[in-house]
Each structure stands twice: as C-alpha cells, then as structure tokens.
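Asks: Output the structure for:
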Amino acid sequence: MDATEQKKSDEIKAGQGLISTALFSPYYDHGGITIYHGDCRQIVPNLGMFDLLLTDPPYGIKRFEKGFGTTRFKGHGAEKDGITWDKTPEPWILEMLMGAAEKSIVWGANNFTLPPSEYFLVWDKEQTVDNFASAELAFTNLKRPAKVFRHSIHKHNQTTKHHPTQKPLELMQWCIGLAGDVDTILDPFAGSGTTGEAAKHLGKRAVLIEREEKYCEIAANRLSQEVLNF
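Replies: Prediction:
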C-alpha cells in the first residue's frame, strides 16, 4: 500500500462521519460536537452521511460591520479586522452539501438556486420597522407543511451576539425538533456555533465547519461551557 492509499484508509469515526485525520484535524472535539477549521468544499467530501444538514450560508448582504451595526459599503461583507464572512457560495457547493445529508434545512433559501420544494420554514422576526426584513425563509426537504417560528428580533438582539448574522438558539433548536428522528447534524457554515450549541442542548451529535479561525475559537469557547449563556 502506497502513502496515498494509506492516507485514504486512515479514517476514524469523528462523531457522525468518517474523516481522514491525515488531512484534517479537529479544531475542537468534545461531547459529540466536532469543529473543523477550513473550507467546507474540501472537508465535506471526506465525511460520511449525516441525518440533517442545518445551516445558514452567507448570501451577499454586503454589509460592513462596525460593532455589528448596519453601515453599508460596496463589496462583500467584512469586519474591521479584514475577515470576510459574506461571500455567496456557488450553487454547486450547496448541491454537494445537501447530498451529504438525508434531510436539509438551509436558511436564506430565497437567495439561492435550490431544487423546487413545496415545503419551507419561516422565521417571523416580529419586525415592524419598514426598512428591515420581517421574516427569513429556509428551504427544506422535510415532508411537512410550511411552518412558522415566531421569535422577536428585538429580543434576539438583546442577547450576546458573536457573528453579524447569528441566528437565535431557539430557532435552531426548533429546526432540529422539526426534523424528527435525527442524531447527526452537519453545519458547514458554522459561524459562531449556534447549530452546535442547539445540538448539544438536544443531545445530538454535530460536525461544524468554519473557514475563519476567529469564529472557530468563539464556537469552541461556547461549546466548552457546561452551562451556556449565549
């Protein structure tokens, strides 16, 4: 067996999938939650199948974040330290990701070219300000009628937020509950780790992937706490 074949065979169970540890080492791995720092295009093909893809991909809102404010500028979203987080993934990437799980929930669905579906989820933000969105949509292949989750954006904004587009923990827990009998969850655009926190609260296993090390560190710190207050 040559070196390449040896690397391919050097696979171990990483919570919910198989991944070559010769190529990727976890940034964080504890209690059934694994975080990988890297590009999901390279990591996901090395993973096994998951029960649920639950993610909130970037979709080009082109916002410069000053203290997570709403100052606009031309170009992809960036923070003042130069980290980019808002580059829209190419359509084939989402196709590849949805192929890695039996069930899918993808937030920001109206911004992507996704397969037709009569099923969708809505986050009602209870937002009454005219120039802000009152709701967000998620694509899903869950075979159930459209569902609405009501959670005030004002209430969410009172919590500690570590990422410009961080979703409410309650929303992600609701999504996992809707998916039914699932044990393994994939979030390839993990941000500050809300999907992982939701999975941990519900006793599920999850693999998170994040390309910005800053957010890997934030997610790892959140998940290392036994009592979470984020």
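Asks: Give me the neighbour count for residue 112.
Replies: Residue 112 has 16 neighbours, counted by other C-beta atoms under 10 Å. Placement of C-beta: from N, CA and C, glycine included.
Asks: Identify the residues contacting the residue nearest the centre of the chain.
Replies: Closest to where the C-alpha atoms of the chain average out (C-alpha atoms, centre = their mean) is residue 55, at 3.4 Å. The neighbourhood of residue 55, defined by C-beta atoms under 8 Å, 6 or more residues apart in numbering, consists of 97, 105-107, 186-189, 195.
Asks: Of those residues - the most surrounded one?
Replies: residue 195 (33 neighbours).
Asks: Was I right to think that residue contacts residue 187?
Replies: Yes. Residue 195 is within contact range of residue 187, at 3.9 Å (criterion: C-beta atoms under 8 Å).
Asks: shared neighbours of the two, anything?
Replies: Common neighbours of residue 195 and residue 187 (C-beta under 8 Å, 6+ apart) are 54-55, 206, 208.
Asks: any idea which of those residues is closest to residue 147?
Replies: residue 54 (14.4 Å; C-beta to C-beta).
Asks: Relative to residue 154, how far out is that closest one?
Replies: Plainly put, residue 54 is 24 Å away from residue 154 if you go by C-beta to C-beta, to the nearest Å.
Asks: Which one's more surrounded, these two?
Replies: residue 54 (30 against 12).
Asks: partners of the more buried one in the sheet?
Replies: residue 105 (DSSP bridges).
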